[in-house]
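In: sequence isn't available, so here's the structure alone:
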């Protein structure tokens, strides 16, 4: 079962993301700010990180850049979750080191498709338990 870290400061968004991921069979860690997210990423080594971009104190782009500079966390894929959906926002997120980009509000199928795609790039054994039960062969 893949372990996913969610870094999100909005309690409603956090609750929704946790519910969606757990329902899909993922193990979920959560952090309400970038600093806690960085510490959890270092200590827990999740398979993937969902990073809100607009966080208090340190924003998600700075946090992602720090993750990608750290040898212990640089290979963990980071998907930006953001209400920033203007032209150039996705490019800014990718420039900071984000491997994927999802605009809010979260859409269940888009979220799961992006997560599966990022995990598949690393190792198909990271699929959720739900995915393995569907008798799908990994890519």
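Out: Noted; the coordinates are in hand. Computed from a predicted structure; not experimentally measured.

In: switch to C-alpha atoms for all contacts and neighbour counts from now on
Out: OK.

In: what is the three-state secondary structure of residue 4?
Out: The three-state assignment at residue 4 reads strand, by DSSP: H, G, I helix; E, B strand; the rest coil.

In: mind checking how far it is from residue 89?
Out: In this view, residue 4 and residue 89 are 23 Å apart by C-alpha to C-alpha, to the nearest Å.

In: the two: which has the busier surroundings?
Out: Between residue 4 and residue 89, counting by other C-alpha atoms under 10 Å, residue 4 is the more crowded of the two (25 against 15).

In: list the buried ones in the top helix by length along the chain?
Out: Taking DSSP state H as the criterion, the chain has its longest helix at helix 108-122. Using 16 or more other C-alpha atoms under 10 Å as the test for burial, helix 108-122 gives 111, 114, 115, 116, 118, 119.

In: now swap in stretch 24-36 and tell me
Out: Across stretch 24-36, burial judged by 16+ other C-alpha under 10 Å covers 24, 25, 26, 27, 28, 29, 30, 31, 32, 33, 34, 35.

In: of the residues you listed, which belong to strands?
Out: The strands, defined by DSSP state E, take in 27, 28, 29, 30, 31 from these.

In: how about the second one: which residues does it bridge to?
Out: What it means is residue 28. Beta-bridge partners recorded for residue 28 (DSSP bridges): residue 4.

In: now for residue 60: which residues touch it?
Out: Applying C-alpha atoms under 8 Å, 6 or more residues apart in numbering, one finds that residue 60 lies in contact with 34, 51, 52, 53, 54, 80.

In: quick check: bridge partners of the residue nearest the centre of the chain?
Out: Central residue of the chain (C-alpha atoms, centre = their mean): residue 50, 1.9 Å from the mean position. Applying DSSP bridges to residue 50 yields these beta-bridge partners: residue 6, residue 79.

In: what sits against it?
Out: With C-alpha under 8 Å, 6+ apart, residue 50 has these contacts: 4, 5, 6, 7, 78, 79, 80, 81.

In: so which of the residues you listed wins on neighbours?
Out: Ranking the contacts of residue 50 using other C-alpha under 10 Å puts residue 7 first, with 29 neighbours.

In: from memory it sits against residue 32, does it?
Out: Yes. Residue 7 is within contact range of residue 32, at 5.8 Å (criterion: C-alpha atoms under 8 Å).

In: I appreciate the help and will end here.
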